[in-house]
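Peer 1: the sequence and its predicted three-dimensional model are supplied below.
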Amino acid sequence: MIVFDASLALKWYFDEAGGSAAKAELARHGGDIIVPGVFVVEVTAALARRANIDKALRSTMESALSSFLALIEERFISVDETGTDAMARAARLALDLGHPLKDCIYLALAMKMGCEMLTSDLRLADKARGTWPKIRVLEG
């Protein structure tokens, strides 16, 4: 298993640096990806926000949303619902690292599963490496 965060997933749909590498990671790990429930909210919200900012992109973002949700429906990506114990672990990490809670939810899941976490958030990775050495930053 491997945890992906939303910063990585958004590269699948937006023309950003690292997009090709992010898509390659999706293809390589598909079926073994696990994410917290907040992942679905963050990615969906970003796609909707982009469509609201640029109305010309609405149909493109609607297509991206369908594609994204299909990854979850088809279990290419598994969603782990964040319970109170996981939220408590994430809150402790947020306090210990001085980092936003939503990012620490992903880190807490990786720690719970004992697996690697892949992100494009260098700031999170720098803060978290002392706590969880299995955090990796997307290259490319």
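Peer 2: Nice, thanks for sending it over.
Peer 1: doesn't Val3 fall inside a strand?
Peer 2: Yes - according to DSSP: H, G, I helix; E, B strand; the rest coil, Val3 belongs to a strand.
Peer 1: wait, what's in contact with it?
Peer 2: Contact partners of Val3, counting by C-beta atoms under 8 Å, 6 or more residues apart in numbering, are 33-36, 106, 109-110, 113, 115-118. Every C-beta, even on glycine, is put in place using the N, C-alpha and C of the backbone.
Peer 1: any idea how far Ala88 is from Gly130?
Peer 2: Applying C-beta to C-beta, to the nearest Å, the value for Ala88 to Gly130 is 20 Å.
Peer 1: actually Glu81, not the one I typed
Peer 2: In terms of C-beta to C-beta, Glu81 sits 28 Å off from Gly130.
Peer 1: and Thr44, by the same measure?
Peer 2: On the measure of C-beta to C-beta, Thr44 and Gly130 end up 32 Å apart.
Peer 1: neighbour-wise, which of these two wins?
Peer 2: More crowded of Thr44 and Gly130, by other C-beta atoms under 10 Å: Thr44, with 15 against 9.
Peer 1: now do the SS call for the closest residue to that one other than its chain neighbours.
Peer 2: Counting by C-beta to C-beta, 6 or more residues apart in numbering, Thr44 lies nearest to Leu65, which is 6.5 Å off, once chain neighbours are set aside. Look at Leu65: counting by three-state DSSP, its state is helix.
Peer 1: and the one helix or strand Met111 maps to, what does it pack against?
Peer 2: Using DSSP states H and E, Met111 sits within helix 101-113. Other elements packing on helix 101-113 under the criterion 3 or more C-beta pairs under 8 Å, 6 or more residues apart in numbering; DSSP states H and E are strand 2-4, strand 33-36, helix 37-53, helix 84-97, strand 116-119, helix 122-128.
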